[in-house]
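> Show me the folded form of this:
(one chain, ligands or ions: 1)
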Amino acid sequence: MRIRRSIRGASVSMSRFDPRLISEPLEQRRREGTLRQRTIISSRRGSRITVDGREYVNFSSNDYLGLATSPILMAAWREGAEFWGAGSGASPLVTGMTAAHEELEQFICGFLGMEAALLFSSGFAANQAAVKTFVPRGGVIHADRLAHASLAEAAMLSGARLFRFRHNDPVSLRRSLELHGPGLIITEGVFSMDGDESPLGAILSLADEFHAPVLLDDAHGFGVLGDGGRGSVSAQGLAHSSFDLVVGTFGKAFGTGGAFVAGERAVISCLVNFAREYVYSTHMPPCCAHATLAAMKYASRNESLRERLRENIAFFRERMAGSPLEILPSRVSIQPVMAGSSARALAMSSLLRERGILAGAIRPPTVPQGTARIRLSVTAAHTREDLELLASALDEAGRLS
Ligand SMILES: Cc1ncc(COP(=O)(O)O)c(C=O)c1O
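This is a model prediction of the structure:
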């Protein structure tokens, strides 16, 4: 709550909040170089984005296949809106659930070979629901140390005891299971800030041995990896049905927004009944469900999209092979260029911006202290010229101290 009062003509903020909640944390972030600010985009198409009247090549989008502004998806969204209207108008348990949502859920089940799937308005909400519904208070969660903030947040709110195993380390997970007993194992297929992949086979073996359910969030693997873009599970030669909960998002490779949780029929029925994020929230707009179905069908049938993406990633990595910059190993779009300090990451990001490239500086607390980075996202929409421009700008950025 903020009141604006005029004292002798000057507007003065009269916040009733304790300054320890407002001005002090903001000031601390400013001092540490980690203050967040939003970038307002005035137009975008493919890999191009306009900010403050200047056009940039966008290397900071999760639109991995370049579908978000593709004519096919935009037409599908329009078609959905013409038939269903702009919004769902209610929660799914009231009158918000349409045939468009049902059709998308059915497609996901067939695509992944899962019994049932449920749509959410965001991956954040899907992860809240998937974690909190299935872990009792005082229960146990074993989460990869780098699991996404939405998973970590849900784990903390669940009231369960949260144990974090070393990133992508089955030995550390085994130790956690031995010490603290079975409980929900949480991992991602592709990690959002590092672009590396989870050893899913080893995790499933431990899950069987300790009889512990597994939640896999494959937000960054779906659409990009595996047969038809079925994601990390398919890329590692496994079956989705081996996992107890599979979460996927639509706002990345599929170019729309929202998410799903897939699992056994009874598991999904539990979410329908008990997940407050589902029951007490307006359902995803049906035109979004309609466009997402079009996106999934299109992306799964057009291997050329993934082929183009793979070629772009290979070209970029080869071009940067001799660079003094540390680029973490990754075969997906996420190509993290390590900066170390937040200040260096910001300096690199602003140099790239001067050269016409938009690429975000990712700083603590999103990543651990001392590992600030430029999180580049190479997509299928980039051209060779875009990648060449990026590589030359990075050559310069590498000389920044
Ligand atoms: C691994 C992972 N899971 C979930 C989410 C949240 O998804 P959404 O953006 O749809 O809320 C993200 C990031 O956005 C993510 O990187």
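> what about stretch 187-205, near the ligand?
Yes: using CB under 6 Å from any ligand atom, stretch 187-205 reaches the ligand at 188, 192. Just so you know, the C-beta spots here come from the backbone N, C-alpha and C atoms, and that holds for glycine as well.
> distance between the ends of that stretch?
Taking CA to CA, to the nearest Å, stretch 187-205 runs 14 Å from one end to the other.
> and that stretch, which residues are buried?
187-198, 200, 203-204 (16 or more other CB atoms under 10 Å).
> List the residues that contact the residue of the stretch 51-200 of the chain at minimum distance from the ligand.
Here the residue of the stretch 51-200 of the chain nearest the ligand is residue 123; by CB to the nearest ligand atom that distance is 2.2 Å. Residue 123 sits next to 150, 217, 219, 247, 249, 251, 258, 259 when contact means CB atoms under 8 Å, 6 or more residues apart in numbering.
> near the ligand, which residues of the stretch 1-150 of the chain?
122, 123, 124, 127, 148, 150.
> before we move on, the earlier item: need the contacts of residue 123 in a markdown table (columns: distance to residue 101).
Shown next, in a markdown table, are the contacts of residue 123 (distance: CB to CB, whole Å):
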| residue | distance to residue 101 |
| --- | --- |
| 150 | 21 |
| 217 | 21 |
| 219 | 20 |
| 247 | 17 |
| 249 | 16 |
| 251 | 17 |
| 258 | 10 |
| 259 | 13 |
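> Which of the residues you listed ranks first by neighbour count?
In terms of neighbours by other CB atoms under 10 Å, those top out with residue 217 at 33 neighbours.
> confidence score at it?
With respect to pLDDT, residue 217 scores 98.
> Give me the domain ranges for the chain.
For the chain, automatic domain parsing gives the domain ranges 40-62+303-397, 71-301.
> Can you lay out those domains as JSON lines showing distance to residue 26?
Output for the domains of the chain, formatted as JSON lines (distance: least, CB to CB, whole Å):
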{"stretch": "domain 40-62+303-397", "distance to residue 26": "14"}
{"stretch": "domain 71-301", "distance to residue 26": "19"}
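> just checking, next helix/strand downstream of the helix or strand that contains residue 266?
Taking DSSP states H and E as the criterion, residue 266 maps to helix 265-274. Using DSSP H and E, the helix or strand that follows helix 265-274 in sequence is helix 276-279.
> can that following helix be found next to the ligand?
No: judged by CB under 6 Å from any ligand atom, helix 276-279 stays clear of the ligand, getting no closer than 11.1 Å.
> related to what we said a few turns ago, identify the farthest-apart pair in the buried residues of stretch 187-205.
Across the buried residues of stretch 187-205, no pair lies farther apart than 193 and 204, at 23.9 Å, counting by CB to CB.
> what pLDDT, on average, does the helix holding residue 266 get?
pLDDT averaged over helix 265-274 gives 98.
> Show the contacting residues for the spatially most central residue of the chain.
With distances taken as CA atoms, centre = their mean, residue 219 lies nearest the centre of the chain, 5.2 Å away. By CB under 8 Å, 6+ apart, residue 219 lies in contact with 123, 148, 188, 189, 190, 192, 247, 248, 249, 252, 259.
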